[in-house]
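**Q** Quick check, what structure comes out for this input:
(2 chains)
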Amino acid sequence: MGSSSSSTERIPDAQELMQETGFSAAHLVRLYERFEFLDKDDRGELRLDDFEAVSELAMNPIGDRIIGAFFSPGRETVDFPSFVRILAHFRPTDTNRTRNGRNGAQPEPANSRTSKLKFAFQLYDQDRDGKVSREELLQVLRMMLEMQVTEEQLQSIAERAIQEADLDRDDAISFDEFKKSLEKVDIEHKMSVRFLE
Amino acid sequence: MRGCGFVHLLGWVLLIGFVLSVNCEAGHESNHSEHEHGSGLSGIPIVTFKWHHVETPYLVALFVLVSFLAKLVIEANHHVTNIIPESALLICFGFILGGIIWGADKAQTFTLTPTVFFFYLLPQVILDAGYSMPNKLFFSNMGAILVYAVIGTCWNAASLGLSLWGCHMGGAMGDLDIGLLQYLLFGSLIAAVDPVAVIAVFEQVHVNEVLFIMVFGESLLNDGVTVVLFNVFDAFVSLGGAKINAVEIIKGIISFFVVAFGGSLVGFVFGLLISLLTRCTKNIQIIEPGFVFVLGYLAYLTAEMLSLSAILSIVFCGMCCQKYINSNMDENSVNTVRYAMKVFANGSETIIFVFLGISAIDKTLWVWNTGFILLTLLFVIVYRFIGVFFLTWILNKFRLVPLEVIDQVIMSYGGLRGAVAYGLAMMLDENKIKEKNLMVCTTLIVVYFTVIIQGITMKPLVTWLKVRRAAVSELTLIEKVQNKVFDHMLVAIEDISGQIGHNYMRDKWNYFEEKWMSRVLMKPSARKNRDRLFKVFHQLNLKDAMSYVAEGEHQGSLEFVRNKNAFIDFKKKNIDDDYYEVMPDIMADMSDDHSEMSSDRRDPVPSVSLEMHEQNMKAVRESEDINTHHLLQQHLYRGRKQHRHRYSRSHFDVNKDEGEVQEVFQRTMRSRLESFKSAKMGVAPPKTLSKHPKKEQQQKVRGSQSSSADFLHFLSTVKSFSKAGEQHERDKTQNNKNDAQNNEQNKTQNDKMRQKTTKTRQSMTKMRQNMTKTRNKMAKI
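**A** Numbers count the residues shown, from 1 in each chain, chains lettered A, B, ... in the order given. Predicted structure coming up:
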């Protein structure tokens, strides 16, 4: 892109972030530029209205949820490290197949299959109780389905979806059940975005 | 399975009988015609044997019949087909058949001529491939597929031709009259991976979808390259070596682009034409399917006429129109199209493989040159591996998720050659190319090797290398929802992180397509019902409905309706009862104005399946019985509370959902009261469901004296129950802030409900006992 300073000096804790998220220096710089672009008031952190200024998100059915995912519970602003950490979930999975052979002390990388699924799970589970209740599923369905589906039909769909996934019959989908129901889906492909440099 | 041995025997007897009779007839016809001419008319013939009259169509039909019988015999034996793919067996059968014909005729009267192959056998297969192509998967891997198809095929052709020429120069092949250009021509015709062979072999090995789409997409798209290369080198051979200069080469390159893009464009135009047509064919639904086939075929022929790539044309025609015709046409028409395509494609493929076998048994054809043949075989395989690995290495730098080494191995090994190469070889002009027979032989041997040997070893190789297999796709709702969520998520992330990515483009295309193309090409009613998530839900419900009914019939005239304690286990699938297995998008005719749901949800699901053949198409048991339909109406599609699908899964226990329990309760109550009432009146309770359950429901309930106490108790519990249910419903719709509290309240309510239900259930069993007692008493009287 021809950016003048491709150095990561301006970015606080750049090395740690790179280590933690797996982004390269060039990626990080690009993301920092984007962060500064979104941060209209130059506060060093993003607020809700900064996100909402991205016009395409308004047309996205789950745009609000995605925006919400950037904000840690209880906080009203997003700083750069949090921004990058969330985006790190969407890095393509690292190709080393020996994931099991890793040193057990290392934390789960942000772009592993489990972390990606956890992120997706949290889109549903707004109250962070570790389970997606029928109400929460209904909310997402309401957002995803178009206008012509009636409330009753939505209820049935939610009902059925829970039925299919809910193995321990507690009328909610836990993270493990969620993972199990999606085990055939190619998460690596479906939840990865190419990050530009 | 028992009749299998008999089928075998019968099949063989029939086959041999037919073939011999055909040859006898073919031999006799000359005699007969002489007789007829010679004798003149001595009287009115009552019956004459007019073989000449029907010769050609008869032989064609007979041949088709024999091929299909061969497939019947082969398919009856699953032990064999698990090891040896069906295509290989068909080729072997072709050998036998060819041998028989040769023995009878001393000449090979049945060979696969290029005309028959390219005009009558190939188009259906490719049309089916295009129509069933998973578009999303194809286009998201389009870049890689194009690289393999174009660059890979060119590399194969060039390297093969040059290496063979090099070996020729080196003297490995003895004395052959083939120049460099002819080698290149030969290289171009044998370089192309064949779609028919790929489908046939990969069908039985369910590899993961990315791998499959790579090989398959490549086999389809490389026709563009093959046609160009073949024509260019053919022209060069005619021109002779001297006249080739830079201009000609540049013309060759340009012709590639013209042929490829032109062919695709023709296909695209025809696809749009089909979509537009199906939009207006509401009044002639009976021949709607015909349009698809006719226009598809015309797309093929038009491209062929303009010397563009016909295969590309028909593929893009199929791919372009699939979405719109699935939405526009009535679902019977869609099913017709789908089935008919499979019949034609499968049939053509069978015939092609049998022909490939027969064509080998021809003494005039065979020229053996060890060096040429073996070297070709070697180079075909080696260069395929080199090409795939090299290209993948480059591609992986750009791909989001790289292709694994194991997948690459399978991709290389799956580069099968097939009938297209043979057809092209037969099209060579033997005046220009002296060694045409040698080339044809070599092509045949390569085809046999790849189809038979590589086909047999493909499955073990896949298992041995632990290739990631395709999931047996039974779409759950969670998966469907989640896929959509992923799509939106990715677009949002791309927007937030400020990059224009793959998903952005796809999103833009979707937007464009929805706004403009669908408006023109889809019927308005179809546009409204486009929501795929809902369709999956709908088809799942239908499936449940069918299994519910079938299970009920199994238990004996829907006994569990009356007997509340009957336990139905829908999860247990009987192996015998495959008659009620439903292809998910076949709807039983549920058009009844009681159900608001099914009235405008009649469009079929565009189920794009990777299983190109679906050889085991299970027939739908048409349960047209009115009783069943009305039962369905009564139990499954009522306009109120929508928890019907649960009937199919859980047994009739205390459900957690109270509205549903209420519904069950009320309905059962009514039927009990009915039978109770009729018992009182001295009429035997109805053994089968009456035809008009609505009437039943409307009949007033009358009390009787002796069990009035019980009865009143009944009514009161029903009332209290319904009240409690309504209250519960109201509680449920409170908003989220009090969710936690609500949950607790609901839980306690649930417990109360559960207690109440058990109580009422107890009273009901008591009631039933009373009723049977009264009934017995009445019977005695």
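**Q** what sits against B:Leu146?
**A** B:Leu221 (C-beta atoms under 8 Å, 6 or more residues apart in numbering or on different chains). (C-beta placed from N, C-alpha, C; glycine too.)
**Q** B:Asp429: neighbour count?
**A** The tally of other residues near B:Asp429 (other C-beta atoms under 10 Å in any protein chain shown) stands at 10.
**Q** what's the helix or strand for the residue nearest to the spatial centre of chain A?
**A** Centroid-nearest residue in chain A, with C-alpha atoms, centre = their mean: A:Phe119, separated by 4.6 Å. Here A:Phe119 sits within helix A:113-124, counting by DSSP states H and E.
**Q** Surely B:Ser307 touches B:Val259?
**A** Yes. With contact defined as C-beta atoms under 8 Å, B:Ser307 and B:Val259 form a contacting pair (7.3 Å).
**Q** The two: who's more crowded?
**A** Here B:Ser307 and B:Val259 are compared on neighbour count by other C-beta under 10 Å; more neighbours surround B:Val259, at 24 against 15.
**Q** picking up where we left off before, for the helix holding A:Phe119, what is the distance to the chain centroid?
**A** Between the centre of helix A:113-124 and the centre of its chain there are 7 Å (C-alpha atoms, centre = their mean, to the nearest Å).
**Q** on that earlier part again, A:Ala69 is in contact with the residue nearest to the centre of chain A, correct?
**A** Yes. A:Phe119 is in contact with A:Ala69 according to C-beta under 8 Å; the separation is 6.9 Å.
**Q** Overlap in contacts, those two.
**A** By the contact definition C-beta under 8 Å, 6+ apart, A:Phe119 and A:Ala69 are jointly contacted by A:Ile86.
**Q** follow-up on the earlier one: quick one: buried residues of the helix holding A:Phe119?
**A** Neighbour-count burial for helix A:113-124 flags A:Arg113, A:Ser115, A:Lys116, A:Leu117, A:Lys118, A:Phe119, A:Ala120, A:Phe121, A:Gln122, A:Leu123, A:Tyr124 (criterion: 16 or more other C-beta atoms under 10 Å in any protein chain shown).
**Q** Tell me which residue of the stretch 251-400 of chain B lies closest to chain A.
**A** Using C-beta to the nearest C-beta, the single residue of the stretch 251-400 of chain B nearest to chain A is B:Leu400, 5.3 Å away.
**Q** ok, which stretches of chain A are helices?
**A** Counting by DSSP state H, residue ranges of the helices within chain A are A:14-21, A:25-38, A:48-52, A:55-58, A:63-70, A:80-88, A:113-124, A:134-144, A:151-165, A:175-181, A:187-190.
**Q** returning to that earlier point: ok, and of the buried residues of helix A:113-124, which contact chain B?
**A** When C-beta under 8 Å from any C-beta of the partner chain is taken as the criterion, the members of those that contact chain B are A:Ala120, A:Leu123.
**Q** who's in contact with B:Asn369?
**A** Counting by C-beta under 8 Å, 6+ apart, B:Asn369 makes contact with B:Met173, B:Gly174, B:Leu176, B:Leu438.
**Q** Does anything pack onto the strand or helix carrying the last one? Which helices or strands?
**A** Under DSSP H and E, the secondary-structure element containing B:Leu438 is helix B:436-448. Under the contact definition 3 or more C-beta pairs under 8 Å, 6 or more residues apart in numbering or on different chains; DSSP states H and E, helix B:436-448 sits against helix B:180-191, helix B:331-358, helix B:370-396, helix B:419-426.
**Q** Need the residues that contact the shortest one.
**A** Helix B:419-426 is contacted from outside by B:112-114, B:117-118, B:121-122, B:189-190, B:192, B:194-197, B:223, B:226, B:230, B:352-353, B:355-356, B:359, B:436, B:439-440, B:443-444, B:446-447, using C-beta under 8 Å, 6+ apart.
**Q** could you check the angle helix B:180-191 makes with it?
**A** Between helix B:419-426 and helix B:180-191, the angle comes out at 150 degrees (axes from the mean of the first three to the mean of the last three C-alpha atoms, to 10 degrees).
**Q** Quick one: mean pLDDT over helix B:419-426.
**A** pLDDT averaged over helix B:419-426 equals 89, rounded to a whole number.
**Q** Using CSV, write out the CA atom coordinates for that helix.
**A** Coordinates of each C-alpha in helix B:419-426 appear next as CSV, following Å, rounded to 0.1, in the frame of the first residue of the first chain:
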residue,chain,number,x,y,z
ALA,B,419,-13.6,-41.3,-23.6
VAL,B,420,-13.0,-37.7,-24.6
ALA,B,421,-9.4,-38.6,-25.4
TYR,B,422,-10.5,-41.6,-27.3
GLY,B,423,-13.1,-39.6,-29.3
LEU,B,424,-10.5,-37.0,-30.2
ALA,B,425,-8.1,-39.7,-31.2
MET,B,426,-10.7,-41.2,-33.5
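**Q** Format the helices of chain A as TSV; extra columns: distance to B:Asn326.
**A** As requested, those are exported to TSV (distance: least, C-beta to C-beta, whole Å):
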stretch	distance to B:Asn326
helix A:14-21	43
helix A:25-38	41
helix A:48-52	38
helix A:55-58	30
helix A:63-70	30
helix A:80-88	38
helix A:113-124	29
helix A:134-144	22
helix A:151-165	22
helix A:175-181	27
helix A:187-190	24
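**Q** okay if I get those as TSV plus mean pLDDT?
**A** Below are these laid out as TSV (pLDDT from 0 to 100):
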stretch	mean pLDDT
helix A:14-21	83
helix A:25-38	84
helix A:48-52	82
helix A:55-58	76
helix A:63-70	82
helix A:80-88	85
helix A:113-124	86
helix A:134-144	82
helix A:151-165	80
helix A:175-181	85
helix A:187-190	78
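**Q** Out of the ones you listed, which gets nearest to B:Pro524?
**A** Evaluated over these, closeness to B:Pro524 peaks at helix A:151-165, with 20.8 Å, by C-beta to C-beta.
**Q** Look up the closest residue to B:Thr450, ignoring the ones flanking it.
**A** Distances taken as C-beta to C-beta, 6 or more residues apart in numbering or on different chains put B:Leu416 closest to B:Thr450, at 4.3 Å, once the chain neighbours are dropped.
**Q** Please list all residues in contact with the one you found.
**A** Neighbours of B:Leu416 in contact, by C-beta under 8 Å, 6+ apart: B:Val193, B:Asp194, B:Ala197, B:Val198, B:Val201, B:Thr450, B:Val451, B:Gln454, B:Gly455.
**Q** if we take those residues, which one ends up nearest to chain A?
**A** Using C-beta to the nearest C-beta, B:Val198 is the member of the contacts of B:Leu416 that sits closest to chain A, with 21.7 Å.
**Q** before we move on, what SS does the closest one have?
**A** Following DSSP: H, G, I helix; E, B strand; the rest coil, the label given to B:Val198 is helix.
**Q** The residue of the stretch 251-400 of chain B closest to chain A contacts A:Lys190, doesn't it?
**A** No. With contacts counted by C-beta under 8 Å, B:Leu400 stays clear of A:Lys190, the gap being 10.4 Å.
**Q** Run a quick neighbour tally on residue 64.
**A** Because you didn't say which chain, this covers chain A. Per other C-beta under 10 Å, the neighbour tally for A:Asp64 reads 16.
**Q** Oops, wrong one, chain B.
**A** Under the neighbour criterion other C-beta under 10 Å, B:Val64 is assigned a count of 15.
**Q** check contacts around residue 183.
**A** No chain specified, so I'll use chain A. For A:Glu183, no residue meets the contact criterion (C-beta under 8 Å, 6+ apart).
**Q** not what I meant, chain B
**A** B:Gly161, B:Leu162, B:Leu164, B:Trp165, B:His168.
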